[in-house]
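Visitor: this one's structure only:
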């Protein structure tokens, strides 16, 4: 006899509500994940997370708190980015999306880690090159393959999303 299971996700006007026997819920969840509804729900959750980060940065700025280190550390902790490569990927996303910095040489990334009270990555080029090899980062053609202009790919964002706990 299967245990009863329930999956309920509400993201705006998108609702995914599946209940029943565990194996039945698993099968229906697999079909839902192949549907546009799943993509829309994830997109809305991702957008809500980004708005929450922006609101936290704005609130910190308005309160006069030292935002940079604490905001980045909150991102690392809230998204459960434990591994150093994931933290480097998060740092690039933070610098580009939150601070609007497109040119981030190693010292900028190291300073961000230090401001957050985290151990800097060390051999940053190694991390960046491996993240590029995995398809998580790209550099614009105009940057002549310089890592300091790295941009997260959709795969890189998806990887961070997988690491995050919602």
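Guide: Great, that's in hand. Not measured: the values here are computed from a predicted model.

Visitor: now do the strands in the protein.
Guide: Using DSSP state E, the strands of the chain run over 4-11, 14-21, 137-138, 151-152.

Visitor: what residues does stretch 139-158 touch?
Guide: 46, 89, 92-93, 96, 102-106, 124-125, 128-129, 131-132, 134-138, 160 (Cβ atoms under 8 Å, 6 or more residues apart in numbering). The way it works is simple: take the backbone N, C-alpha and C, and place the C-beta from them, glycine included.

Visitor: list only buried entries from those.
Guide: Among the contacts of stretch 139-158, those classed as buried by 16 or more other Cβ atoms under 10 Å are 46, 89, 92-93, 96, 104, 106, 124, 128, 131-132, 136-138, 160.

Visitor: looking at the strands of the chain, which is nearest to residue 55?
Guide: With Cβ to Cβ, the closest approach to residue 55 among these belongs to strand 4-11: 17.6 Å.

Visitor: tilt between the longest helix along the chain and strand 14-21?
Guide: Scanning the chain for the longest helix, with DSSP state H as the assignment, gives helix 36-63. If you take axes from the mean of the first three to the mean of the last three Cα atoms, to 10 degrees, helix 36-63 sits at 120 degrees to strand 14-21.

Visitor: run through the residues that contact the nearest residue to residue 28 once chain neighbours are set aside.
Guide: Spatial nearest neighbour of residue 28, excluding adjacent residues (Cβ to Cβ, 6 or more residues apart in numbering): residue 18 at 4.9 Å. The contact partners of residue 18, taken as Cβ under 8 Å, 6+ apart, are 6, 7, 8, 25, 28, 29, 32.

Visitor: go on, residue 11?
Guide: For residue 11, the contacting residues are 40, 41, 42, 44, 45, 48, by Cβ under 8 Å, 6+ apart.

Visitor: quick one: low-confidence ranges for this protein?
Guide: Counting by pLDDT under 70, the chain contains low-confidence ranges at 1-2, 57, 59-61, 63-67, 143, 145, 164-166.

Visitor: please parse it into its domains.
Guide: 4-38, 66-163 (automatic domain parsing).

Visitor: turn those into TSV, including distance to residue 52.
Guide: Output for the domains of the chain, formatted as TSV (distance: least, Cβ to Cβ, whole Å):
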stretch	distance to residue 52
domain 4-38	14
domain 66-163	9
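
Visitor: do you know which of the strands of the chain lies nearest residue 71?
Guide: strand 151-152 (17.6 Å).

Visitor: among the contacts of stretch 139-158, which lie within helices?
Guide: 46, 89, 92, 93, 106, 124, 125, 128, 129, 131, 132, 160.
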